[in-house]
Structures are given as structure tokens and as C-alpha cells.
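Novice: Sequence and computational prediction follow.
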Amino acid sequence: MISEHVDVLVIGAGPSGAVAASILHQKGIKVKVVEREHFPRFVIGESLIPRCMDHFDEAGFIEAVEAKGFEKKFGARFLRGEDVCWFDFSQKFSAGWDWTWQLPRAEFDKTLTDVLQQRGVDIAFGTTVENVVFDGTDSLTTVHDEQGNRKAIHARYLIDASGYGRVLPRLLDLDSPSSFAPMAATFVHVNDVRRPEGIESTRITFDVLEQRVWFWVIPFSDGRTSLGLVCPKEHLETIRQSDNRATFQHIIQQSDHYRRRFEGLDFLFEPKQIVSYAKAVKKLYGDGFALTGNSAEFLDPVFSSGVCFATESGALAAKLAARQLAGETVDWEHEYEEHMLWGVNVFRSYIRDWYSGDLQKFFFHKEVNEDVRRKVCSVLAGYVWDKENPFVKKHDRAVKAVTHLLP
């Protein structure tokens with residue numbers, strides 16, 4: 001079996017792994033990425049939030065991504081019946097980026113890996129991890145390619161950015177039950193041939209059909225649009241039709257805002273479904289490894305936090321690993337796990353308040369204080385580590401305290 005030695009092995013070439021690999025490469029660290037799939041490949045998570053831009057900028061990806069002409073996202077719109085709520089990222093409390101992108105992930109993720117390969121980062125596509133054995137902080141990872149060729153990769157540190165592949169949680173028994181009730185999502189792409197002219201038709205929109213049931217519309221710059229429904233697991237069962245296509249046509253009919261725009265359009269692929277998608281782990285790091293992105297925690301798609309956590313954790317894990325390899329003592333508990341879990345728990349509070357109805361009451365109230373809106377907008381933009389924002393610092397009770405005062 002062939003052996004290879006690297007400083008850091010990154011499992012997974014999605015945004016989390018790509019950001020981590022780029023930052024490590026910039027620091028002169030020998031990094032290798034192994035990825036089970038071949039890019040481009042379909043993956044969900046098509047709506048980004050501005051905090052991601054800090055990480056893409058640090059990793060040196062902004063110019064290449066901007067050249068692709070992806071749809072720019074300047075905020076988020078929420079609908080409920082006749083009520084409309086718009087959050088403009090330029091009107092937020094925290095300093096930071098005022099825009100980001102909404103985009104097909106297949107093309108986006110390949111853009112990032114193309115940049116990495118052009119810079120000389122070694123990425124092995126079509127490569128599956130069989131096993132990982134740790135010796136202190138060193139690791140020996142056994143992988144195989146699609147021809148069955150096996151290789152042993154020795155690394156001084158390992159970053160698991162494997163997403164829903166969840167390599168180390170599976171191999172090291174790190175999975176933990178999510179605190180959220182089981183939810184389901186079903187989604188498709190369409191050629192948006194009835195898209196109206198103007199900026200309104202390109203905005204990402206969350207259409208609230210029931211308190212715990214909402215419909216997403218994410219227009220892309222190439223004329224395609226992503227459509228999806230998120231709901232309790234049992235709700236999806238109650239609306240199920242003869243097949244997945246009929247079920248999704250039925251879902252479109254439930255949206256008064258989008259029925260005419262999307263009814264009868266062909267789906268570009270068989271509607272996909274994910275059930276019980278929320279994930280958690282017992283710990284985010286161990287001797288010689290860190291979990292990043294969806295291989296660690298995934299909450300809910302409602303505020304598009306997934307890629308934000310992926311890039312935040314990928315960037316931070318890379319920088320801490322570089323310090324450790326340089327001989328520094330790194331407090332992974334404080335500098336990594338506590339930092340990441342703070343952001344996760346801020347979003348957890350807002351997702352909880354969304355599905356309880358409290359946050360929806362705030363969003364759709366006609367006379368909400370503008371200063372409060374700016375602070376909530378910062379959370380939606382992903383600046384959930386800005387503790388100068390009281391709606392971050394007191395995230396577990398801030399929304400409820402405000403909505404309690406609303407008529």
C-alpha cells in the first residue's frame with residue numbers, strides 16, 4: 001500500500017474544506033484534500049450570508065467567484081399571506097459585508113477547488129476514507145480510489161470537513177442527537193421562464209405557508225431557480241402524492257405568491273428529500289483533529305447558516321492547526337469549540353423562536369423599532385459572534401422579550 005506524508009489532511013472539498021486548505025496553503029503548510037465525489041456535483045445550501053464573505057476574502061476566493069457572475073444577495077425577504085418583511089444587509093448593526101451570493105453549489109464549489117488546484121493544492125477526487133487511526137496528534141488515514149487502489153496518508157493534523165459524509169463522527173462514535181424535532185426538506189430546480197423583470201424577482205424569499213411550514217425561492221443568475229419546502233417530518237407525509245414530482249407540484253399550489261410563476265414547469269431533476277437533517281456531535285475536536293461544517297453541527301436551513309458555520313469553522317480550524325504545527329500550545333476547548341458553539345447557539349435560539357412563532361410575530365409586525373431591526377439583521381447576516389450586539393449577547397431571551405411587548 002502506498003504511503004504519503006502531509007502536514008494536514010482535509011477530508012472534504014466543499015466550502016469548509018476549501019477555505020481551510022487555502023489558508024493552510026497560504027501559510028506554507030503541506031496540505032492534501034481527499035474528496036469522495038467528483039466536482040461539479042449537486043449539493044444543497046445555495047443561499048449564503050455575509051459573514052461567509054470574510055472567510056472567502058481571507059482564503060483568496062472573492063475575485064474568482066465574482067468573475068462567475070453569480071446572483072448577488074443583498075438581504076432576505078419573508079412573506080406571510082399579505083405581510084411582507086425585508087431585511088437589507090446594509091442596514092445591520094455590526095460592521096461587515098453588506099452582500100453575498102445565492103448560487104448553484106455545484107458550480108460554486110468547483111470554482112473554489114479550481115482555484116486551489118491552480119495554486120498547487122493537492123486534491124484527490126473520487127477518493128473515499130476507509131479508516132483513521134490516531135497516534136497522539138498524528139493520524140494514519142486509509143483511503144481508496146474508484147479503481148480500488150489503497151493509500152495510507154500520514155498527517156500531523158486532520159480536519160474533517162466531510163459534510164453529511166460525517167467521516168470522523170461515524171468512525172469515532174461522535175454523533176449526538178439534535179435538540180430539534182425531526183424536520184424534512186424537499187427541493188428542486190426549475191428553469192424560471194416566467195421570472196418577472198426587476199430586482200424583486202431575483203430576491204431570495206421565504207414564503208410562510210404555516211407557522212412551521214415554509215417555502216424557499218432562490219433565483220440564480222443563469223435563469224434557474226431553486227425551490228424547496230421545509231416542514232415537520234409528519235407534515236411531509238400528510239401532503240405526499242403519487243410520486244415526488246406530483247408531491248412538489250402540490251406544494252407549489254399551496255403558495256399564493258408563486259403558484260402562477262412555477263406551476264406546470266418541468267423539474268430539472270427528480271425532487272430530492274432530506275428527513276431529520278439536523279445533526280449534532282459530542283465534541284468538535286480531539287487530539288489531532290477538528291470537525292468543521294456539517295460534519296459537526298447542522299441546525300436548519302431557515303436562515304442559511306450552514307455555509308457560514310462551514311467557512312467559520314474551516315478558517316478557524318486551519319489557523320489553529322497552523323499554530324499547533326508551529327509548536328504553540330492551542331486551547332482547542334476555548335479557542336475552537338466554545339467559539340463555534342457560541343455561534344451555533346445564537347442561531348439555535350433564533351431558529352427556535354422562528355418555529356415557535358415569536359420571531360415571525362416580530363418580522364411581520366408593522367411598527368417594529370428600527371434599531372431592534374438592525375440588531376436582528378446582523379444575526380441574519382451571520383455576525384453572531386459580535387457580543388456588542390445585545391441580540392447576540394442575550395440571544396436566548398432577546399426575541400421573546402421584544403415580542404412580549406408587541407400587541
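Specialist: That came in fine, so what should we check first? Worth saying up front: this structure is predicted, and the values here are computed from it rather than measured. Numbers count the residues shown, from 1 in each chain.

Novice: And the contacts of stretch 328-347?
Specialist: Applying C-beta atoms under 8 Å, 6 or more residues apart in numbering, the external contacts of stretch 328-347 come out as 283-285, 290, 296-297, 299, 303, 305, 309, 312-313, 316-317, 320, 323-324, 379, 384-385, 392, 395-396. C-betas here are computed from N, CA, C, even on glycine.

Novice: run the last query once more with 6 Å
Specialist: 284-285, 297, 299, 305, 313, 320, 323-324, 384-385, 392, 395 (C-beta atoms under 6 Å, 6 or more residues apart in numbering).

Novice: Among the residues you listed, which ones are in strands?
Specialist: Using DSSP state E, the subset of the contacts of stretch 328-347 located in strands is residue 285.

Novice: need the contact list for residue 204.
Specialist: Contacts of residue 204 (C-beta under 6 Å, 6+ apart): 47, 73, 76, 102, 218.

Novice: how far is the top helix by length along the chain from where the chain is centred?
Specialist: Longest helix of the chain, by residue count under DSSP state H: helix 306-325. With C-alpha atoms, centre = their mean, to the nearest Å as the basis, helix 306-325 stands 14 Å off its chain's centre.

Novice: Tell me, how many residues neighbour residue 298?
Specialist: The number of residues packed near residue 298 is 23, by other C-beta atoms under 10 Å.

Novice: Correct me if wrong: it contacts residue 281.
Specialist: No - using C-beta atoms under 6 Å, residue 298 is not in contact with residue 281, being 10.2 Å away.

Novice: which residue is nearest the centroid of this protein?
Specialist: With distances taken as C-alpha atoms, centre = their mean, residue 306 lies nearest the centre of the chain, 2.0 Å away.

Novice: which residues touch it?
Specialist: By C-beta under 6 Å, 6+ apart, the contact list for residue 306 reads 45, 298.

Novice: Residue 234 and residue 275, how far apart?
Specialist: 10 Å (C-beta to C-beta, to the nearest Å).

Novice: meant to ask about residue 355, not that
Specialist: Distance from residue 355 to residue 275, by C-beta to C-beta: 17 Å.

Novice: again with residue 262
Specialist: 23 Å.

Novice: ditto for residue 9
Specialist: For residue 9 relative to residue 275 (C-beta to C-beta), the value is 31 Å.

Novice: Neighbour count for residue 262 and residue 275, which is higher?
Specialist: More neighbours surround residue 262 than the other of residue 262 and residue 275, with 24 against 12 (other C-beta under 10 Å).

Novice: which one is the more buried one nearest to, not counting chain neighbours?
Specialist: Nearest non-adjacent residue to residue 262, counting by C-beta to C-beta, 6 or more residues apart in numbering: residue 252, 5.0 Å away.

Novice: Next one: residue 357, what pLDDT does it get?
Specialist: At residue 357, the model reports a pLDDT of 95.

Novice: can you map out the helices along the stretch 1-150 of the chain?
Specialist: Using DSSP state H, counting those that start in this stretch, the helices of the stretch 1-150 of the chain run over residues 15-26, 51-59, 62-66, 105-118.

Novice: Make JSON lines out of these and add mean neighbour count, distance to residue 245 and mean pLDDT.
Specialist: JSON lines is the format used below for these (neighbours: other C-beta atoms under 10 Å; distance: least, C-beta to C-beta, whole Å; pLDDT from 0 to 100):
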{"stretch": "helix 15-26", "mean neighbour count": "28", "distance to residue 245": "30", "mean pLDDT": "98"}
{"stretch": "helix 51-59", "mean neighbour count": "22", "distance to residue 245": "33", "mean pLDDT": "98"}
{"stretch": "helix 62-66", "mean neighbour count": "13", "distance to residue 245": "33", "mean pLDDT": "98"}
{"stretch": "helix 105-118", "mean neighbour count": "18", "distance to residue 245": "21", "mean pLDDT": "98"}
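
Novice: May I see those arranged in JSON lines, with distance to residue 406 as well?
Specialist: Formatted as JSON lines, the helices of the stretch 1-150 of the chain follow (distance: least, C-beta to C-beta, whole Å):
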{"stretch": "helix 15-26", "distance to residue 406": "37"}
{"stretch": "helix 51-59", "distance to residue 406": "28"}
{"stretch": "helix 62-66", "distance to residue 406": "40"}
{"stretch": "helix 105-118", "distance to residue 406": "37"}
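
Novice: Quick one, which of those helices gets closest to residue 371.
Specialist: helix 51-59 (20.8 Å; C-beta to C-beta).

Novice: CA atoms only for the closest one - export them in CSV, please.
Specialist: Output of helix 51-59 as CSV, limited to C-alpha atoms (Å, rounded to 0.1, in the frame of the first residue of the first chain):
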residue,chain,number,x,y,z
ARG,A,51,-20.2,36.6,7.3
CYS,A,52,-19.1,34.0,4.7
MET,A,53,-17.5,36.7,2.7
ASP,A,54,-14.9,37.4,5.4
HIS,A,55,-13.7,33.8,5.1
PHE,A,56,-13.8,33.8,1.3
ASP,A,57,-11.8,37.0,1.3
GLU,A,58,-9.2,35.6,3.7
ALA,A,59,-8.9,32.5,1.6
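
Novice: To residue 156, which of the helices of the stretch 1-150 of the chain lies closest?
Specialist: Set against residue 156 and scored by C-beta to C-beta, the helices of the stretch 1-150 of the chain come closest in helix 15-26, at 11.4 Å.

Novice: That closest one: how far from the chain's middle?
Specialist: Its chain's C-alpha centre and that of helix 15-26 lie 16 Å apart, by C-alpha atoms, centre = their mean.

Novice: what angle separates that helix from helix 105-118?
Specialist: Interaxial angle, helix 15-26 versus helix 105-118 (axes from the mean of the first three to the mean of the last three C-alpha atoms, to 10 degrees): 10 degrees.

Novice: What is helix 15-26 packed up against?
Specialist: Secondary-structure packing of helix 15-26 (3 or more C-beta pairs under 6 Å, 6 or more residues apart in numbering; DSSP states H and E): strand 2-11, strand 31-34, helix 51-59, helix 306-325.
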